[in-house]
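*Asks:* Next come a sequence and a model predicted from it.
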Amino acid sequence: MARLKVTQVRSDIGTKHNQRESLRSLGLKRINDVVVKEDRPEIRGMIFKVSHLVKVEEVE
């Protein structure tokens, strides 16, 4: 299964509560935090919510 490398590139200050919660659920706490997650529909949905705050790359 593919994996996604998610990097937070913008701050969550001033964003909606559900967007902050999506970042926390992904495991991102501050700018330049990086997590590697399985490519699943639940993870894709969280990334879609905060797509303006993160950078996503596919990893093998």
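*Replies:* In hand now; what should we look at?

*Asks:* Break down this structure into its helices, ranges please.
*Replies:* 17-26, 41-49 (DSSP state H).

*Asks:* These: which one's closest to residue 9?
*Replies:* helix 17-26 (11.5 Å; C-beta to C-beta). Every residue, glycine included, has its C-beta placed from N, CA and C.

*Asks:* Check which helices and strands the closest one is in contact with.
*Replies:* helix 41-49 (3 or more C-beta pairs under 8 Å, 6 or more residues apart in numbering; DSSP states H and E).

*Asks:* what does the helix it packs on contact?
*Replies:* 4, 6, 18, 19, 22, 25, 26, 37, 54, 56 (C-beta atoms under 8 Å, 6 or more residues apart in numbering).

*Asks:* let's see it at 10 Å
*Replies:* 3-4, 6, 15-16, 18-19, 21-26, 28, 35, 37, 39-40, 53-54, 56 (C-beta atoms under 10 Å, 6 or more residues apart in numbering).

*Asks:* What's the ChimeraX line that selects buried ones from those residues?
*Replies:* Filtering those down to the buried ones (16 or more other C-beta atoms under 10 Å) takes a single ChimeraX command:
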select :4,6,15,19,22,23,26,28,37,53,54
